[in-house]
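Peer 1: Structure for the following, please:
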Amino acid sequence: MTAESAAPSDGERKIPLLTGLNDPFSYVSDELNLVEANLTRAIRSREQQLTDISGHLIIGGGKRVRPMVTLLAYAAFGGNRVRDIVDIATAIELIHTATLLHDDIIDGADTRRGKVSAYKKFGLKSTLVAGDFLFIKAFEFAGKFDETVVQWTADACTLLTEGEILQSHFNRNRAVTLDDYIEIVKRKTASLFHTGTKVGAYLAGASQAMIDETERYGLNMGIAFQMVDDILDVVGHPDLLGKPIGMDLRDGNPALPIILALKYSDPAVCAAFDCDNPSEAQIDRAIQAIKSGPAIAEAKALAKNAAQDALKSIRKLPPSQYRNGLKTLVQLIIDRDF
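Peer 2: Numbers count the residues shown, from 1 in each chain. Prediction:
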């Protein structure tokens, strides 16, 4: 095994932290290190290429927000079986990484997390197989729990695939509505957030009412997270995002600022969104049109509304530093500029 392809030792990879306020990662840092060790072991294969492709994203970065909310939700209800919740958090991150490998193929993305996309480096066929490999590995962790947890995890995977197909129906389709967008986001981005928080509360022994509130928190936080991602694709800095801005316009994705700008029938936005292969000049004009119009302000207001809905659910949880961590995370998501 060469130095370039070797997986790091358990726990070697540094946890990437969101900064600002009181870092919510610090409340579950030990558990997150155990997740990292699990991830490193999970991607080892007798076929080195599977390890290399999986490690391209897993070892290469990621904010680990999904495992973190799972861990925080569990701790918020007094859960103390660390290995159990670490395993579920690992499963959720493996599923997330699998979807990223597949999404980059579907979108034709050149970069991910500041480096070349896996399929560009390793080939399309091998990357598809690596995504499948990670889905299977996820259920090595999730499959050891009771039927409820296994079913909820499977349901999250179903929602992800349905969301991808639903989004494809509105690719370069000006008929897309805000309601359509919300449904896509609920199934795609938000599914792993609300599954993680729901499973965390359930495994900790929370009441059904509290499980439902925690799930609502994850759902609305996931919606806010995606809305901010969409905004940053227009106003963010490429070096901080790890990819060029304007990717949704290039791909014809029905992202929030685009949908909001389309209702004003701005010719630059319509031209870029309608075109199968828009030029860089078209993309630049559309970005400037979105920035100069009301769409960004409207999108930020919608993201803040989703965040407020998440915070309403958090207030019903028992007071603790872990509840504070869940609250702070929402604030960091709304305020992030990377």
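
Peer 1: Would you mind measuring from Asn324 to Thr197?
Peer 2: From Asn324 across to Thr197, the span is 15 Å (C-beta to C-beta, to the nearest Å). To be clear about C-beta, it is placed using only N, CA and C from the backbone, and glycine gets the same treatment.

Peer 1: Compare neighbour counts for the two and give me the winner.
Peer 2: Thr197 (30 against 17; other C-beta atoms under 10 Å).

Peer 1: List the contacts of the residue nearest to that one when sequence neighbours are not counted.
Peer 2: Computed as C-beta to C-beta, 6 or more residues apart in numbering, the closest residue to Thr197 that is not its neighbour in sequence is Gly218, at 3.5 Å. Shown in contact with Gly218 (C-beta atoms under 8 Å, 6 or more residues apart in numbering): Val69, Ala73, Ala190, Phe193, His194, Thr195, Gly196, Thr197, Lys198, Ala310.

Peer 1: Can you name the next helix or strand after the helix or strand where the third one lies?
Peer 2: Right, Ala190. Remark: Ala190 resides in helix 189-203, with elements defined by DSSP states H and E. Next helix or strand after helix 189-203 toward the C-terminus (DSSP H and E): helix 208-235.

Peer 1: Just the mean pLDDT for that next one, thanks.
Peer 2: In this model, helix 208-235 has a mean pLDDT of 96.

Peer 1: Can you give me the buried ones in it?
Peer 2: 210-211, 213-234 (16 or more other C-beta atoms under 10 Å).

Peer 1: Kindly report the same for stretch 176-188.
Peer 2: In stretch 176-188, residues buried by neighbour count (16+ other C-beta under 10 Å) are Val176, Asp180, Tyr181, Ile182, Ile184, Val185, Lys186, Arg187, Lys188.

Peer 1: Out of the contacts of Gly218, which is nearest to Val269?
Peer 2: Ala190 (25.7 Å; C-beta to C-beta).

Peer 1: Tell me the spacing between the closest one and Phe225.
Peer 2: Taken as C-beta to C-beta, the span from Ala190 to Phe225 is 8 Å.

Peer 1: just Leu160 next, same as before
Peer 2: Leu160 is 15 Å from Phe225, by C-beta to C-beta.

Peer 1: May I see the contacts of Gly218 organised as CSV, with pLDDT and distance to Phe122 added?
Peer 2: Listed next are the contacts of Gly218 as CSV, based on pLDDT from 0 to 100; distance: C-beta to C-beta, whole Å:
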residue, pLDDT, distance to Phe122
Val69, 96, 30
Ala73, 97, 35
Ala190, 97, 29
Phe193, 97, 28
His194, 97, 32
Thr195, 98, 29
Gly196, 97, 28
Thr197, 98, 33
Lys198, 98, 34
Ala310, 97, 37
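
Peer 1: where does the stretch 151-300 of the chain dip in pLDDT?
Peer 2: Where the stretch 151-300 of the chain drops to pLDDT under 70, the residues are 239-242.

Peer 1: Kindly recompute the last result at 80.
Peer 2: Along the stretch 151-300 of the chain, segments meeting pLDDT under 80 span 237-244.

Peer 1: List the buried residues in the helix or strand hosting Asp132.
Peer 2: Here Asp132 sits within helix 124-142, counting by DSSP H and E. Using 16+ other C-beta under 10 Å as the test for burial, helix 124-142 gives 126-131, 133-135, 137-139, 141-142.

Peer 1: can you check stretch 98-112 too?
Peer 2: For stretch 98-112, a neighbour-count test (16+ other C-beta under 10 Å) marks Ala98, Thr99, Leu100, Leu101, His102, Asp103, Asp104, Ile105, Asp107, Ala109, Thr111, Arg112 as buried.

Peer 1: Now do it: everything it contacts.
Peer 2: Here stretch 98-112 has contacts from 53, 57, 116-120, 124, 127-128, 130-135, 138, 160, 164, 242-244, 247, 251, 253, using C-beta under 8 Å, 6+ apart.

Peer 1: could I have that stretch exported to CSV, CA atoms only?
Peer 2: Taking Å, rounded to 0.1, in the frame of the first residue of the first chain, the C-alpha atoms of stretch 98-112 are listed here in CSV:
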residue,chain,number,x,y,z
ALA,A,98,-22.5,7.4,-0.9
THR,A,99,-25.0,9.9,-2.1
LEU,A,100,-22.2,12.5,-2.7
LEU,A,101,-20.3,10.0,-4.9
HIS,A,102,-23.5,9.3,-6.9
ASP,A,103,-24.6,13.0,-7.0
ASP,A,104,-21.4,14.2,-8.5
ILE,A,105,-21.9,11.6,-11.3
ILE,A,106,-25.5,12.7,-11.9
ASP,A,107,-24.6,16.4,-11.8
GLY,A,108,-21.4,16.0,-13.8
ALA,A,109,-19.6,17.9,-11.0
ASP,A,110,-15.8,18.6,-11.5
THR,A,111,-15.0,19.3,-7.9
ARG,A,112,-16.1,18.4,-4.4
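
Peer 1: That'll do, ta.
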